[in-house]
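Chemist: Can you look at this prediction? I've put the sequence above it.
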Amino acid sequence: MTTCRVPLYLLACGSFNPITNQHMRLFELARDHMHSTGQYQVVGGIVSPVSDGYGKQGLVQAQHRIAMAKLALQSSNWVTVDEWESQQPDWTETVVTMRHHYEQILKREQSTGTHRGSIGNTTSISTLSPQLKLLCGADFLDTFKTPGLWLHGHVEELVSHFGLVCVTRGSLQPERAIHESDMLYRHRKNIFLVREWVRNDTSATEVRRALRRGLSVKYLIPDSVIKYIHQHNLYTEHTTYRRPLRPLEVRKPADTANMPVNLTGYWKMISNDNFEEYLKALDVNVAIRKIATLLKPDKDIVHDGDHIIIKTLSTFKNYNMDFHVGKEFEEDLSGVDDRKCMTTITWDGDRLVCVQKGEIEGRGWTHWVEGDELHLELRAAGAVSKQVFKKS
Amino acid sequence: MESQSLTRVALLACGSFNPITNMHLRMFELARDHLEDTGQYSVVKGIISPVGDAYKKKGLIEASHRVEMARLATESSSWIKVDTWESFQPEWLETAKVVRHHYEEMLSAEHNSDDVDTVKYGKKRRVEENCFEGSVHQKKRDGPQLMLLCGADVLESFGIPNLWKQEDIAEIVGRYGLVCITRSGSDPHKFIHQSDVLWRHRKNIHIVHEWVTNEISATHVRRALRRGRSVRYLLPDSIVHYIQEHHLYSAESEQKNADVTLAPLQRYTTASSS
């Protein structure tokens, strides 16, 4: 009664492909826990499904994932679905999504801020500004260590500025992750570990597997969601084994004579030389460099006339380029070295040449095809890296 | 032709259902998928039979509430039903008796509704000759079969002294059959191997592996409720509302039968010592 509680919002990011009872359960556990600290009043929960640009295998269209989440949360009076992230053309970094939602919350607070005090049991609640924390599962903290998945500034912003509520199953995994990272340790007071005593391993992957095999998923996901899945014929063998986000299943022939080659295809890396020197030239820190050189990203290219989409896909992080040949555009290299460049891509004979004007001198790359191999030369400040991919 | 060769099965789950959880309901779904996948069975019915108050288990609330909650929980199911017969018995009843009762009910329902049944009798006798011992007068292959649905803990409880009568175990697995849902960490095959009676009837024991660990126990649900924690998504919303409305599961209700011996233990312990 006497203490002021901080109004708190919880945000969960993920595929929600489809949403399961376990997802909703995490919100309930987190709310109970945060209330029991005596410091927080949980005022809202946000489910933010990832956009189709995430490119994960078996990801059904965002409109369906949103619709299912809405059906599932119909019965909740505090957790809602937000479509913003799902509508972004590309994958959005979690921190960027959090910034967006926090701005929205502040905006709402400003317009209705004085109201809430009178509705709540104390007026003091509205005197504290609201907070937004990320709700996540036990393995989430480990992803910070995954190279290339997080920009180094982002993790710090996430744990210091926002905060984490992490639901664990009693393993020491999250505690260890905090212990082993100086940065996480520094902000440990902003990382809340919630113990889940009842093991419930319902994963969306298991749900999709059961659906593909025609097995019952009743009581794992709400009845309304099951009905929706059947109505829209989702998660059948067909929709799941295909990669629905790769529009290049239909290979379009080059439609004009001045296109000497067509790069369309799914290309798997077979060699990667001098990549670390290239990353060093881009000032990428040593930890990320070491591990980035171990990755074997695939190139997923859709080449349709002047419009080319190059997706660089790895197990940890994807990078997408979507451009028109000959047109300069501002390229946001978030996820690579976080810089912005003015980028132009042109044909030089049968080679696709990219010039990235910006802070780094002589930055750019060249793509060309030799037989069933795709070659890539990456250049930055005198460093040259050579990668070769094979068509799969 | 195809559908006629399938044995129709009803699944019976006995227990406290104090309260019923999503896990109880999930067991039925898993069992049905598994049995139908064998290509031999068609699961036509699921029966939930909450135990009577005379069971004297700690924290067991009145059967009327447990039955009502189970009824609410099965409203959305097209094939699982609640049966109140066991819950209304003044005395605690051995599970074998409950199974027997439901099997008789099923047979009489068959005879009343189905004249075609008599036509099938000729074929039945032939099949029966291949049946193994102990099953003779029960295994009417063309008739419906009743199987007891349980978790691995029930199978393992067969080994607890004075909890089960040995002839009851033999009757349940020998004459009827058992569908046992197991999760990682328990090894029912080893348990069957170590018990002669279970091993003899191993073909009547269907082991269903639950790949998705789901440990929602009613004990956990009651504990969370006593502590004012959320139990949403562990049991159907309608049950959560029912519990709130009727103020069920308090610290006080958990003390019910605290000093009383469980009915089966009381019965068999006295019987063996006298």
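Modeler: That came through, no problem.
Chemist: in chain A, which helix has the most residues?
Modeler: Longest helix in chain A by number of residues (criterion: DSSP state H): helix A:94-119.
Chemist: Can you give the distance of the following helix or strand past that helix from its chain's centre?
Modeler: Toward the C-terminus, helix A:94-119 is succeeded by strand A:131-137 as the next helix or strand (DSSP states H and E). With Cα atoms, centre = their mean, to the nearest Å as the basis, strand A:131-137 stands 15 Å off its chain's centre.
Chemist: Then stretch A:131-138?
Modeler: Its chain's C-alpha centre and that of stretch A:131-138 lie 15 Å apart, by Cα atoms, centre = their mean.
Chemist: that older thread, okay, the angle between the longest helix of chain A and strand A:131-137?
Modeler: Here helix A:94-119 runs at 120 degrees with respect to strand A:131-137, directions being taken by axes from the mean of the first three to the mean of the last three Cα atoms, to 10 degrees.
Chemist: For A:Y235, see how far away B:A170 is.
Modeler: Distance of B:A170 to A:Y235, computed by Cβ to Cβ, to the nearest Å: 44 Å. C-betas here are computed from N, CA, C, even on glycine.
Chemist: Which one's more surrounded, these two?
Modeler: Of the pair B:A170 and A:Y235, A:Y235 is the one with more neighbours under other Cβ atoms under 10 Å in any protein chain shown, namely 23 against 17.
Chemist: helix, strand or coil for the more buried one?
Modeler: Here A:Y235 is recorded as coil under DSSP: H, G, I helix; E, B strand; the rest coil.
Chemist: can you check B:H247 too?
Modeler: Classification of B:H247 using three-state DSSP returns coil.
Chemist: next one: phi and psi at it?
Modeler: phi 50, psi 50 (degrees, to the nearest 10).
Chemist: Distance check, it against B:A70.
Modeler: With distances taken as Cβ to Cβ, B:H247 is found 19 Å from B:A70.
Chemist: Can you pick out the residue with more neighbours from those two?
Modeler: Ranked by neighbour count (other Cβ under 10 Å), B:H247 and B:A70 place B:A70 first, with 26 against 8.
Chemist: and the more buried one, what does it touch?
Modeler: Applying Cβ atoms under 8 Å, 6 or more residues apart in numbering or on different chains to B:A70 gives the contacts B:F17, B:I20, B:I48, B:P50, B:V82.
Chemist: what's the distance between A:N21 and chain B?
Modeler: For A:N21, the distance to chain B equals 4 Å [Cβ to the nearest Cβ, to the nearest Å].
Chemist: What is the neighbour count of that residue?
Modeler: 21.
Chemist: how long is stretch A:363-377 from one end to the other?
Modeler: This stretch, stretch A:363-377, spans 11 Å end to end (Cα to Cα, to the nearest Å).
Chemist: how about it: buried residues?
Modeler: Neighbour-count burial for stretch A:363-377, with 16 or more other Cβ atoms under 10 Å in any protein chain shown as criterion, is recorded at A:R363, A:G364, A:W365, A:H367, A:W368, A:V369, A:L374, A:L376, A:E377.
Chemist: Pull the most distant pair out of those residues.
Modeler: A:R363 and A:V369 (22.7 Å; Cβ to Cβ).
Chemist: What count of nearby residues applies to A:D182?
Modeler: A:D182 has 7 neighbours, counted by other Cβ under 10 Å.
Chemist: Thought B:T219 was touching A:W197, still the case?
Modeler: No: if you go by Cβ atoms under 8 Å, A:W197 and B:T219 don't touch, sitting 10.8 Å apart.
Chemist: Look at the residue of the stretch 51-200 of chain B found nearest chain A and give its secondary structure.
Modeler: Closest approach between the stretch 51-200 of chain B and chain A, counting by Cβ to the nearest Cβ: B:S76, at 5.5 Å. Of the three states, B:S76 takes coil under three-state DSSP.
Chemist: Surely B:R229 forms part of a helix?
Modeler: No: going by three-state DSSP, the assignment for B:R229 is coil, not a helix.
Chemist: And it, its phi and psi?
Modeler: The phi/psi pair for B:R229 (degrees, to the nearest 10) is phi -90, psi 160.
Chemist: need the contact list for it.
Modeler: So B:R229 contacts A:D32 (Cβ under 8 Å, 6+ apart).
Chemist: A:K145 now?
Modeler: If you count contacts by Cβ under 8 Å, 6+ apart, A:K145 has them with A:A177, A:S181.
Chemist: that older thread, show me what the longest helix of chain A is packed against.
Modeler: strand A:6-14, strand A:40-49, strand A:131-137 (3 or more Cβ pairs under 8 Å, 6 or more residues apart in numbering or on different chains; DSSP states H and E).
Chemist: Could I get the buried residue list for that helix?
Modeler: For helix A:94-119, by 16+ other Cβ under 10 Å, it's A:T94, A:V95, A:T97, A:M98, A:R99, A:H100, A:H101, A:Y102, A:I105, A:E109, A:R116.
Chemist: Please tell me how far the first one sits from chain B.
Modeler: Look at A:T94 and chain B: by Cβ to the nearest Cβ, they are 24 Å apart.
Chemist: just checking, that residue touches A:C136?
Modeler: No: under the criterion of Cβ under 8 Å, A:T94 makes no contact with A:C136, lying 9.2 Å away.
Chemist: of all the residues in chain A, which ones are close to chain B?
Modeler: A:21-22, A:24-25, A:28-29, A:31-32, A:75-76, A:197-203, A:206, A:215-216, A:218-220, A:223 (Cβ under 8 Å from any Cβ of the partner chain).
Chemist: hmm, which of those residues are the buried ones?
Modeler: Neighbour counting over those (16+ other Cβ under 10 Å) leaves A:21-22, A:24-25, A:28-29, A:31-32, A:76, A:198, A:200, A:202, A:206, A:215-216, A:218-220 as the buried ones.
Chemist: and the residues you listed, which of them are in helices?
Modeler: Per DSSP H, these map to helices at A:N21, A:Q22, A:M24, A:R25, A:E28, A:L29, A:R31, A:D32, A:E206.
Chemist: Show me which of those is closest to B:R223.
Modeler: Set against B:R223, the nearest of these by Cβ to Cβ is A:D32 (12.8 Å).
Chemist: Tell me if I'm right that that closest one and A:W197 touch.
Modeler: No: counting by Cβ under 8 Å, A:D32 stays clear of A:W197, with 11.7 Å between them.
Chemist: Overlap of the contact sets of the two?
Modeler: With Cβ under 8 Å, 6+ apart, A:D32 and A:W197 have no common neighbours.
Chemist: continuing past the helix or strand bottoming out on mean pLDDT in chain B, what's the next helix or strand?
Modeler: Sorted by mean pLDDT, DSSP states H and E, the helices and strands of chain B end with helix B:117-129, the least confident at a mean of 43. For helix B:117-129, the following helix or strand on the C-terminal side (DSSP H and E) is strand B:145-151.
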